[in-house]
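**Q** return atomic coordinates for the entry below.
(one chain, ligands or ions: 2)
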Amino acid sequence: MEVGDVSTVVAVDGPSGSGKSSVSREVARRLGLAFLDTGAMYRAATWWCLDQGVPLTDQVAVAQAVRDLPLVVGVDPDGPTVVVDGRDVGVAIRTTEISSRVSAVATNLEARAELGRRQRAVIEAERTGGWSDGRGVVAEGRDITTVVAPDADVRVLLTASEEARLARRARELHGTADAAALSATRDQVVRRDADDSTVVQFQVAADGVVTVDSSDLDLEQTVEAVLDVVERARGARA
Ligand SMILES: Nc1ncnc2c1ncn2[C@@H]1O[C@H](COP(=O)(O)OP(=O)(O)OP(=O)(O)O)[C@@H](O)[C@H]1O
Ligand SMILES: Nc1ccn([C@H]2C[C@H](O)[C@@H](COP(=O)(O)O)O2)c(=O)n1
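**A** Ligands and ions are numbered 1, 2, ... in the order given. Model prediction:
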């Protein structure tokens, strides 16, 4: 980082399938920023509970397991890694089993407090040094713009119609968006968002948060729309 450069923290929230991870990761790549996938942390916590035989219905046990979670997340947008107890779980945390059960961790308030603390630590590290040498970070999830990093330099709510989000996830998981694929995808998009919305609000932009609706945009157009928000905010700071 050059002397005089100012670090940039970009917070991106939104519902499932809106494109948060894909768009945020590409924005981070293009700006040379670190990339923090906070959803992967909730998924890793869920994986750890299952691996350790912690019943997801036991809120006290889940909270303790999350406090003890031996998690290391990599923030290189070209290859974000998720390592739990020395094991690379980057693939294992994306299974339908994890996707269908992660809300048990996401709705556990003590688990949220612990993961939020860890997320703030990563964001602060990247603001002053870390992988990005202080250039900053793009952090995406559900509560980044409101709870984890409400003072972020740029705050974006990335939305899309339920129809678009279901179709995207169906294509991603099943290679098609036909009726059967859409039906099979509904639980981990619509039901999961409904469950998660009971403890965190990510459907309506908070004050100061810019909404980007990607319903009618392709991935590249959405990346460019978010980059535009970042550049406008940087210009306003200059
Ligand atoms: N604007 C877009 N147009 C077309 N496809 C998109 C768009 N944005 C994302 N996608 C695709 O939709 C799928 C879901 O994207 P992504 O995983 O980034 O969403 P997400 O919001 O992070 O979802 P979740 O919160 O459930 O992880 C991916 O296959 C991605 O390539
Ligand atoms: N900051 C966050 C990030 C994620 N979650 C929840 C939402 C999902 O149920 C789950 C996995 O997220 P995804 O990988 O699908 O983006 O974790 C949350 O509550 N807060």
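**Q** going by C-alpha atoms from here, please, whenever you check contacts or count neighbours.
**A** Will do.
**Q** which residues does the residue lying closest to residue 213 once chain neighbours are set aside contact?
**A** Nearest residue to residue 213 in three dimensions, chain neighbours excluded: residue 159, at 4.7 Å (Cα to Cα, 6 or more residues apart in numbering). Counting by Cα atoms under 8 Å, 6 or more residues apart in numbering, residue 159 makes contact with 14, 15, 18, 203, 211, 212, 213, 214, 215.
**Q** shouldn't the third one be within a strand?
**A** By that I understand residue 18. No - looking at residue 18 with DSSP: H, G, I helix; E, B strand; the rest coil, it is coil, so not inside a strand.
**Q** tell me the pLDDT of the residue nearest in space to the middle of the chain.
**A** Residue closest to the average C-alpha location in the chain (Cα atoms, centre = their mean): residue 141, at 2.9 Å. Residue 141 carries a pLDDT value of 98.
**Q** what's the answer for residue 238, then?
**A** pLDDT at residue 238 comes out at 73.
**Q** so who does it touch?
**A** Taking Cα under 8 Å, 6+ apart, one finds nothing in contact with residue 238.
**Q** what segments of this structure are strands?
**A** With strands called from DSSP state E, the chain shows them at 8-13, 34-37, 71-73, 82-84, 87-88, 136-141, 154-159, 210-213.
**Q** closest one to ligand 2 among these?
**A** strand 136-141 (3.8 Å; Cα to the nearest ligand atom).
**Q** who wins on neighbours among the contacts of residue 159?
**A** Per-residue neighbour counts (other Cα atoms under 10 Å) across these peak at residue 14, which has 29 neighbours.
**Q** does that one touch residue 155 like I think?
**A** No - contact criterion Cα atoms under 8 Å: residue 14 and residue 155 do not qualify, at 11.1 Å.
**Q** contacts for stretch 67-78?
**A** By Cα under 8 Å, 6+ apart, stretch 67-78 touches 25-26, 28-29, 33-36, 41, 44-45, 48, 80-85, 111, 114, 131.
**Q** for that stretch, buried residues please.
**A** Applying a neighbour-count criterion of 16 or more other Cα atoms under 10 Å, one finds 69, 71, 72, 73, 74, 75, 76, 77 buried in stretch 67-78.
**Q** gap between the lowest-mean-pLDDT helix or strand in the chain and the chain center?
**A** Taking mean pLDDT, DSSP states H and E as the measure, the chain has helix 192-196 as its least confident helix or strand, at a mean of 90. Averaging C-alpha positions (Cα atoms, centre = their mean, to the nearest Å) puts helix 192-196 14 Å from its chain's average.
**Q** give the buried residues for it.
**A** 192, 193, 196.
**Q** now the first one: closest residue in space, sequence neighbours ignored.
**A** Taking Cα to Cα, 6+ apart as the measure, residue 192 lies nearest to residue 103, with 6.5 Å between them; neighbours along the chain are not counted.
**Q** and that neighbour, how far from residue 143?
**A** 14 Å (Cα to Cα, to the nearest Å).
**Q** can you put the buried residues of helix 192-196 in JSON lines and add distance to residue 170?
**A** Output for these, formatted as JSON lines (distance: Cα to Cα, whole Å):
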{"residue": "192", "distance to residue 170": "15"}
{"residue": "193", "distance to residue 170": "16"}
{"residue": "196", "distance to residue 170": "20"}
